[in-house]
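Colleague: please work out how this folds:
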Amino acid sequence: MSSSDSGGPALNASRFGPLVAPRHSDQLPRKTETLPHVQALRAIAVLVVVTFHLWPNELTGGFVGVDVFFGISGFLITSHLVREFESHGTIRLLNFWARRIRRLLPAAFFVLGVSHMGTILFAPSTVWHQVIRAIQASALYFANWQLAADSVDYFAAENIATPVQHYWSLSAEEQFYLVWPVLLLGVIVACRRSVQFRRLAIVVITLVTVSSLTYSVLISISSQSEGYFSTFSHVWEFGLGGLLAMIMRRPMKLAPAASALASWLGFAMIVLAAFTFSGDTLFPGYAALLPLAGTMLVIAAGRSSAAWSPTRLVDWAPVQYTGDISYSLYLWHWPLIVLLPFVTGHNLTTTEKVVVLLASFACAGATKVLIEDRFRSARWLTSSKGRTYGAAAVTTALLLVVCWWPGALVDRAVAREQQQAAAAVAAAQAANGADSCFGAAAGLDEGRCPDSHVLQPGFGPDASAVDTPDVWLQNNVAPQFVDTKACPYASPAVKECRFSDDPATFTVAVVGDSHARVLVTPLLIAAKSRGWRVLLVWSGDCRAALPIVPSPRENENGLGCGRWKTNVTESLAKRPDIDVIVTTGWTKQYARAGSPELSEQLAKNFTGTWDRWAAGGRQVLVVRDVPEHPSGSVSDCVAQSHTTNDPCALPRSEADPIDPVDLALAANRDPSIHSLDLSPNFCDALTCHFVVGGVITTRDSQHLTVTFANTLAPQIAEAIERVGG
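Modeller: Reported below is the predicted structural model:
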């Protein structure tokens, strides 16, 4: 980024704030003039972002710093480009982009390299692929678009926050640097005179700003996470700064009192947003106007000579220093926050957060002197644009290659584990189901299988992390029935995946969210020998129950999920071709996120859907949600545990709490509604185990591995036969 390199929000409720950019003298309205009040804006912005990342519950809106930096960048870059036009009659694009490369890439790529090494050294191999993918996207400056795609991809919902996730805003700003000077150059071509240029530029920038703001408001309502990462949602923030630069041909001359009042008001608006906004704020949208307007006020007001103005605070050396190192400070703080828990094995304590803050300042100060300043003024780079571009290309290619290598190692390890796993599965099948000590069968009778919770070779965390229904379906189902993602899983319409076109006298429909989708594979195993037809009707992160607002899950409050809930309740009740509806979902989340009153209401909503299906003549088999690991991914936990003997076990009260489905089943009296509790495969009276029968049960925090799910096939088939009579 230019004046500010910012970070931003996460896929869930958190936001990954701004990357502040280094101070660039060639971006200022006057070439040799520094702007202390802009440095103070940078300091405030980076401090609220870092504070938010360390203490999100105390500064809930610290993510607004990204908007402050985008506004500053729009102002300074436009000022620089206009000054260049007035001096040279054009905008020299190659020179402009070369300066951006020298100022931003060295520090950014150095931190990317350190983050990569830190991940390999301290993070489990189960997350390497995701981090490598994020580093590569960051190096190529499309990290924001990757995160935008992941935010609407249900299959990326379990992605961790990578140590380079904050690079999304750097990507957005680099895209701004690429397009903005081209836009202004187009205005120059349209009219050569300075006065005409300024007028036409104001009109063009206004149109772009208004269009982007409109888009930002609309997408923040329909898809907030996607909208936050989209460059189009933030163009208007750069545009406001650009408009101010076009209007302020010379620094505004305000009365000292007016200037002081405007400055205090601007700073106050930013601080107010930082303290009052939260993850529930529709953002960026119109809400971002508050910190942006504050930023524009501070820039326009400039310095005031009034005794009560913020000038003395603005000029304070620590404030100016923080603004000066703000780019590197942002680059460093987030990798330290993400990687340190892998080293310590626990979430950051208050003391460790203070250490991270101090270490971030130390690293930023060193990086500013040793990397930022050195490379942006290096004669061998400044004397040749070609050398600058060549160095950037070589460094980018080297980073991509270095990142590729550990991912290839993981792929080879997974291939070996899958070969071993295939042999173990074949041996278990030869041992014939219930007599085997493989998978779920062992969990039902631990006395018979004393080593049940010892992880077998071939079923390690790398393989379990990618043990999804897709892999099994590709190997075991006809090609036209493989891709369950083709079933619109985020559509209000009720559409089904049909796994066979063969005529059948008995049809089972699996209905729910992604937990229901996992049950398809054991059902297909059971159906093969019984001649059943299996249907899948699912919606990502959307349980099959009558809609309730508000739900603890953001997705369930959207119109799409609400309509799907209503539609699936009614449409399946009218399907005489369906004999048994098997339904399940991720309901343990409700036990952790909701109040007792909400749980009771949710229980009534589940009952309402089941009753409607039963009234339509369907037999309903409700499968209790399986135990989950609320602290995070089981695959990651096993990888970090350094033991194969019962890693990651939890007290039953933590892994298998009573949830609304349990309440609904306890109150159920309808003979057409039945239940299946699979928890005895995982848990005894006191403890839930996440390695059972030598197999990791859960690939992330709550989705079963397909290997373990398939060993549940005999129990699921028996329950369906009992229900279907």
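
Colleague: show the contacting residues for Ala137.
Modeller: Applying Cβ atoms under 8 Å, 6 or more residues apart in numbering, we find Ala137 in contact with Ala143, Trp145, Gln146, Tyr167, Ser171. From N, CA and C alone the C-beta is placed, and that goes for glycine too.

Colleague: now Asp141, what's its secondary structure?
Modeller: Actually, residue 141 is Tyr rather than Asp. coil (DSSP: H, G, I helix; E, B strand; the rest coil).

Colleague: contact partners for it?
Modeller: Contacts for Tyr141 were tallied using Cβ under 8 Å, 6+ apart; they are Leu170, Ser171, Glu174, Gln175.

Colleague: distance to Trp613 added to those, as CSV?
Modeller: Below are the contacts of Tyr141 laid out as CSV (distance: Cβ to Cβ, whole Å):
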residue, distance to Trp613
Leu170, 50
Ser171, 47
Glu174, 52
Gln175, 49
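
Colleague: of those residues, which belong to helices?
Modeller: For those, membership in helices holds for Leu170, Ser171, Glu174, Gln175, with DSSP state H as the criterion.

Colleague: wait, isn't the second one in contact with Phe142?
Modeller: Looking back up the chat, that one is Ser171. Yes: with contact defined as Cβ atoms under 8 Å, Ser171 reaches Phe142; the gap is 5.8 Å.

Colleague: the two: which has the busier surroundings?
Modeller: Using other Cβ atoms under 10 Å, the more surrounded residue of Ser171 and Phe142 is Ser171, with 24 against 19.

Colleague: which residues touch the more buried one?
Modeller: Ala137, Ser138, Tyr141, Phe142, Ala143, Asn144, Trp145.

Colleague: got it, and Val534?
Modeller: Phe499, Ser500, Thr507, Val508, Ala509, Val510, Val520, Leu523, Leu524, Ala527.

Colleague: just give me the closest of the contacts of Ala137 to Val48.
Modeller: Distance to Val48, by Cβ to Cβ, is smallest for Tyr167 among these, at 18.9 Å.

Colleague: tally of neighbours for that closest one?
Modeller: 33.

Colleague: excluding chain neighbours, what is closest to it?
Modeller: Nearest residue to Tyr167, sequence neighbours excluded (Cβ to Cβ, 6 or more residues apart in numbering): Ser138, at 3.8 Å.

Colleague: shouldn't the one you found be within a strand?
Modeller: No: Ser138 is assigned helix when assessed by three-state DSSP, not a strand.

Colleague: and it, how far is that from Ser230?
Modeller: Distance of Ser138 to Ser230, given as Cβ to Cβ, to the nearest Å: 17 Å.

Colleague: so for those two, which residue has more residues nearby?
Modeller: Ser138 (26 against 23).

Colleague: SS state for the spatially closest residue to Ser539 that is not a sequence neighbour?
Modeller: Among residues not flanking Ser539 along the chain, Trp564 sits closest, at 4.7 Å (Cβ to Cβ, 6+ apart). On the three-state scheme (three-state DSSP), Trp564 is labelled helix.

Colleague: quickly find the element holding Leu381.
Modeller: Leu381 is located in helix 379-382, with elements delineated by DSSP states H and E.

Colleague: just Ile581 next, same as before
Modeller: strand 580-584.

Colleague: swap in Ala509?
Modeller: Ala509 is located in strand 507-512, with elements delineated by DSSP H and E.

Colleague: for the helix or strand that comes right after that strand, buried residues please.
Modeller: Downstream of strand 507-512, the first helix or strand assigned by DSSP H and E is helix 514-518. For helix 514-518, burial by neighbour count (16 or more other Cβ atoms under 10 Å) applies to Ser514, His515, Ala516, Arg517, Val518.

Colleague: likewise stretch 564-578?
Modeller: Neighbour counts over stretch 564-578 (16+ other Cβ under 10 Å) mark Trp564, Lys565, Asn567, Val568, Thr569, Leu572, Ala573, Arg575, Ile578 as buried.
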